[in-house]
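J.: Everything below, folded, please.
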Amino acid sequence: MNQIRQARRVERQYPHRAIERRSIRRVSVSFGLMYSGFNGEDVLVGDGTVVDLSDGGIGIRGNSAVQIGMDLTLFLYLPYEEDPLFILEATVAWTSGSLFGATLKELSLPEGDRMRLFLQEQSVGQA
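T.: Just a heads-up that it's a prediction; the model follows:
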């Protein structure tokens, strides 16, 4: 019981060092993105860098602050691709300064295929 309390305390203080709960391994990457969403009545638009990516989630270092639970639309500028990869809906899961993580909710079939191909290529490069 004491270990659980301690883990929760660490998770609240340092969400980026929290206990790993991801079921899908993320791939370390570094490329640009743009994100947008609503912060109350205001429209939020930000730029940043994707720091890790998987089929189910994304890690971002951004220039506009987001809040846990906020829904975002993402435009990922994959290396060597002309058109950005469009993710209609992602939900912010955690934040820590300029870093935040989001779960990916809605991708079209072609965009999902593009992302899986990119991840597969990156995984081979990191192996």
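J.: going forward, measure contacts and count neighbours with C-alpha atoms only.
T.: Noted.
J.: Okay, buried residues for stretch 100-107 please.
T.: Buried positions in stretch 100-107, judged by neighbour count with 16 or more other C-alpha atoms under 10 Å: 100, 101, 102, 103, 104, 107.
J.: measure the third one to residue 68 for me?
T.: In other words, residue 102. 9 Å (C-alpha to C-alpha, to the nearest Å).
J.: how deep is the closest residue to residue 60 other than its chain neighbours tucked in, by neighbour count?
T.: Excluding the flanking residues, the one nearest residue 60 by C-alpha to C-alpha, 6 or more residues apart in numbering is residue 50, at 4.6 Å. Residue 50 has 24 neighbours, counted by other C-alpha atoms under 10 Å.
J.: Checking my notes, residue 50 in a strand, right?
T.: Yes: checked against DSSP: H, G, I helix; E, B strand; the rest coil, residue 50 lies within a strand.
J.: In CSV, could you pull the C-alpha coordinates for the longest helix along the chain?
T.: Ranked by number of residues, the top helix in the chain under DSSP state H is helix 109-126. C-alpha atoms of helix 109-126 as CSV (Å, rounded to 0.1, in the frame of the first residue of the first chain):
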residue,chain,number,x,y,z
LEU,A,109,-7.7,5.0,-42.7
PRO,A,110,-5.1,6.6,-45.1
GLU,A,111,-3.6,8.7,-42.3
GLY,A,112,-3.4,5.7,-40.0
ASP,A,113,-1.7,3.7,-42.7
ARG,A,114,0.8,6.6,-43.3
MET,A,115,1.6,6.8,-39.6
ARG,A,116,2.0,3.0,-39.2
LEU,A,117,4.4,2.9,-42.2
PHE,A,118,6.4,5.8,-40.7
LEU,A,119,6.6,4.1,-37.3
GLN,A,120,7.6,0.8,-38.9
GLU,A,121,10.5,2.6,-40.7
GLN,A,122,11.6,4.4,-37.5
SER,A,123,11.5,1.1,-35.5
VAL,A,124,13.8,-0.5,-38.0
GLY,A,125,16.2,2.4,-37.8
GLN,A,126,16.2,2.3,-33.9
